Every structure is written in C-alpha cells, then in structure tokens.
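# What follows is a protein structure lacking sequence information:
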C-alpha cells in the first residue's frame, strides 16, 4: 500500500508498541496505550487530521483512535478486523498468546501462515512473500508480540457499545477465506456504525493486503477520495 500510495499522498507508517524499533508495551497494555502512541506521533509531526488505515491489530488501534480522537480522524479503513468472536475462538487466541509469553518464543509460525494465506499458497515450495513474513515473525520481540497478541485476543468486544458514535466515513474490508476475521464480522461492524460500508474480497485470506495490493489499495484510495468529499463532522 505504501509503494502504491506514496506518490499521491503523504503516507505515514510506524511500528506499533512491541514491534520494530518501538518500545515494549506495558505488562498488561490497553488499546489506549496504542492509540496514545499514535496521538503522540501526530502531535510530534504536527499532523492535524489523518485518514486511518489499519490491518488486524492495526485495525483495532485505528478504530480505537477514531473513537477516542475524532478531531484527528478523517476516515477509517479497517482491514481484517476481528469483532465479537465466539467464546471458543477467543480462548484459542488467548491460549496462543499465553504460549508465546510463557515460552519467550514466537511459536506456531507455520500454523499462523496457514491461517493467513490461501491454502493453495502454502506448500513445500519456496514462496518469497511467505518466507518474508516468516522472517518478520521470527525476529519480533516475543514479549512485545505476546503482550500485543493477548490484548488483541481480549479486545474483540471492546467497541461493541461505542460504534454507534463512530460518525466519520468508515469501511471494513476482509476476505472470504479469513477464518478469524470473517465476512460476517465486517458486515456486522459496518451495520453498527452510522456511516460505514463492508467490502468482502474473494479468494483471499488474512494477508490479502500484502498478497494482493492491486485489489486492496484501489479500495483504500477510492474510499479516501470519497471521504474527502464529505464535510468533517
């Protein structure tokens, strides 16, 4: 997305807490820790209002930011966001997060890749795009990842009673092959917001934006253009 949008927009990308070169989150972080990180960054860069685009955990942070700081939010695009899982699904994710925290290692990488990419792309043959994700996962700080992952597991109902207040233009995009961020979730998110749409991408899975930017980036850009034509609330 960055490569396709940078010639037409000022695009800001940054490392979430616990990832890349950003500091670790607290032992028991809240979404507010992550939204405050973004606010501090915008203040430091003197950016007044931005179009928010986030994927998975980033979608959770972007949605929380839009709710907490609407004066700084022009639109929201949430990719592959999780919403109101079943109790069994929630426990499975919590268990995976706890295994990372207990072991001090990023475990289950191949299982994660199996959920994130269409099945036909996971094979014994070398796939450079998937190998790149495998390398990134293997190099992240386990404590930062585990703490973030636990928060992600616990937060699927965090906005259930707040989305009616999300008045800015919003779109929720997911893939029909995503077993955890399902089409039903994105459609429910869109229904819960007063000014939102849902888009379902066929023949893709959780890493659709990474694997098929030619399909996802135009949706993001078209929506930003649409939002720019609407008066700020």
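Okay, I see it. Note that the coordinates shown come from a computational prediction; the quantities given were computed from them, not determined experimentally.
# can we go C-alpha only for contacts and neighbour counts from here?
OK.
# Strands along this protein, start to end?
50-55, 73-79, 170-175, 196-201 (DSSP state E).
# Just list what the last one packs against, helices and strands only.
Just to be clear, that refers to strand 196-201. On a contact count with 3 or more Cα pairs under 8 Å, 6 or more residues apart in numbering; DSSP states H and E, strand 196-201 meets strand 170-175, helix 183-192.
# Select, out of the ones you listed, the one closest to residue 133.
The minimum distance between residue 133 and these falls on strand 170-175, with 18.5 Å, by Cα to Cα.
# want to throw the strands of the chain into CSV with distance to residue 116 and mean pLDDT?
CSV is the format used below for these (distance: least, Cα to Cα, whole Å; pLDDT from 0 to 100):
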stretch, distance to residue 116, mean pLDDT
strand 50-55, 12, 98
strand 73-79, 13, 97
strand 170-175, 10, 98
strand 196-201, 14, 98
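# Dump those strands to a markdown table, plus distance to residue 26 and mean neighbour count.
A markdown table is the format used below for the strands of the chain (distance: least, Cα to Cα, whole Å; neighbours: other Cα atoms under 10 Å):
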| stretch | distance to residue 26 | mean neighbour count |
| --- | --- | --- |
| strand 50-55 | 21 | 20 |
| strand 73-79 | 25 | 26 |
| strand 170-175 | 29 | 27 |
| strand 196-201 | 33 | 18 |
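# Now for the residue found closest to residue 104 once you drop the neighbours it is linked to in the chain: which residues touch it?
Spatial nearest neighbour of residue 104, chain neighbours left out: residue 142 (5.6 Å); criterion: Cα to Cα, 6 or more residues apart in numbering. Going by Cα atoms under 8 Å, 6 or more residues apart in numbering, residue 142 touches 100-101, 104-106.
# In helices only, show me those residues.
With DSSP state H as the criterion, helices contain 100-101 from among the contacts of residue 142.
# Show me the two of the contacts of residue 142 that sit farthest apart.
By the measure Cα to Cα, 101 and 106 form the most distant pair in the contacts of residue 142, at 8.7 Å.
# and of the strands of the chain, who's closest to residue 95?
Per Cα to Cα, nearest to residue 95 of the strands of the chain: strand 50-55, 21.7 Å.
# Show me what the closest one is packed up against.
helix 57-68, strand 73-79.
# what's in contact with the shortest one?
When you say that, I think you mean strand 73-79. 49-56, 58-60, 62-63, 65-66, 168-174, 209, 220, 224, 227-228, 232.
# Show the residue spans covered by the helices in the chain.
Secondary structure of the chain (DSSP H): helices at 2-5, 31-45, 57-68, 87-103, 109-116, 128-139, 142-154, 183-192, 208-211, 213-228.
# Dump those to a markdown table, plus distance to residue 77 and mean pLDDT.
Below are the helices of the chain laid out as a markdown table (distance: least, Cα to Cα, whole Å; pLDDT from 0 to 100):
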| stretch | distance to residue 77 | mean pLDDT |
| --- | --- | --- |
| helix 2-5 | 14 | 93 |
| helix 31-45 | 15 | 98 |
| helix 57-68 | 8 | 98 |
| helix 87-103 | 23 | 92 |
| helix 109-116 | 19 | 90 |
| helix 128-139 | 22 | 90 |
| helix 142-154 | 18 | 94 |
| helix 183-192 | 11 | 98 |
| helix 208-211 | 12 | 96 |
| helix 213-228 | 7 | 96 |
